[in-house]
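Enquirer: Structure here, sequence nowhere to be found:
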């Protein structure tokens, strides 16, 4: 059966799958073990993140292949399943955030995550700062996208 990619508002029934994908993708990107337990990561996704951000999932059939958390001015999280990168999923999720934005978005990405940097730069983001306190204690880069009229 042929699946197509759909983007839906986050639903808690996908929590475990979403968190596993997120953690695997993040590990692949920065090669650092997650400092939070799986359970606290699920709690964060279900109860903390949705307070300030719109959280959406990319599904391929019933499989979670991407997650984004954004509001009108920033992207807080964007992770794509390791086996599904390079298929336009990140671009689709990013477009949702751009469409809902105030015309300007900022985000941080880890300096060691070269793949993410190439992705954001290809999608119109420019570096506007470096260095930020993060719990991983890794150097990062602040990017900004501004809509062109």
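Expert: Arrived safely. Predicted model, so just to flag it, every value in this text is computed and none were measured.
Enquirer: In three-state terms, label the closest residue in space to residue 125 that isn't next to it in sequence for me.
Expert: Of all residues beyond its chain neighbours, the one nearest residue 125 is residue 143 (4.0 Å), with distances taken as CB to CB, 6 or more residues apart in numbering. C-beta here means a position set from N, CA and C on the backbone, and glycine is covered the same way. Of the three states, residue 143 takes strand under DSSP: H, G, I helix; E, B strand; the rest coil.
Enquirer: Make residue 1 into 27 and carry on from there
Expert: From this message on, residue numbering opens at 27, which makes the last subject residue 169.
Enquirer: which residues does residue 169 form a beta bridge with?
Expert: With DSSP bridges as the criterion, residue 169 is bridged to residue 133, residue 153.
Enquirer: what pLDDT does it get?
Expert: On pLDDT, residue 169 comes in at 94.
Enquirer: correct me, but it touches residue 133?
Expert: Yes: with contact defined as CB atoms under 8 Å, residue 169 reaches residue 133; the gap is 5.3 Å.
Enquirer: quick one: least confident helix or strand in this structure?
Expert: helix 41-56 (a mean of 85; mean pLDDT, DSSP states H and E).
Enquirer: list the contacts for the residue nearest to residue 151?
Expert: Applying CB atoms under 8 Å, 6 or more residues apart in numbering to residue 169 gives the contacts 132, 133, 134, 135, 146, 151, 152, 153, 154.
Enquirer: Run through this structure and note the low-pLDDT ranges.
Expert: Applying pLDDT under 70 to the chain flags residues 27-28, 56, 158, 161-162, 175.
Enquirer: Now do the helices in it.
Expert: Applying DSSP state H to the chain gives helices spanning 41-56, 64-69, 75-78, 115-126, 140-148.
Enquirer: The third one - contacts with which helices or strands?
Expert: Helix 75-78 makes packing contacts with strand 101-106 when contacts are defined by 3 or more CB pairs under 8 Å, 6 or more residues apart in numbering; DSSP states H and E.
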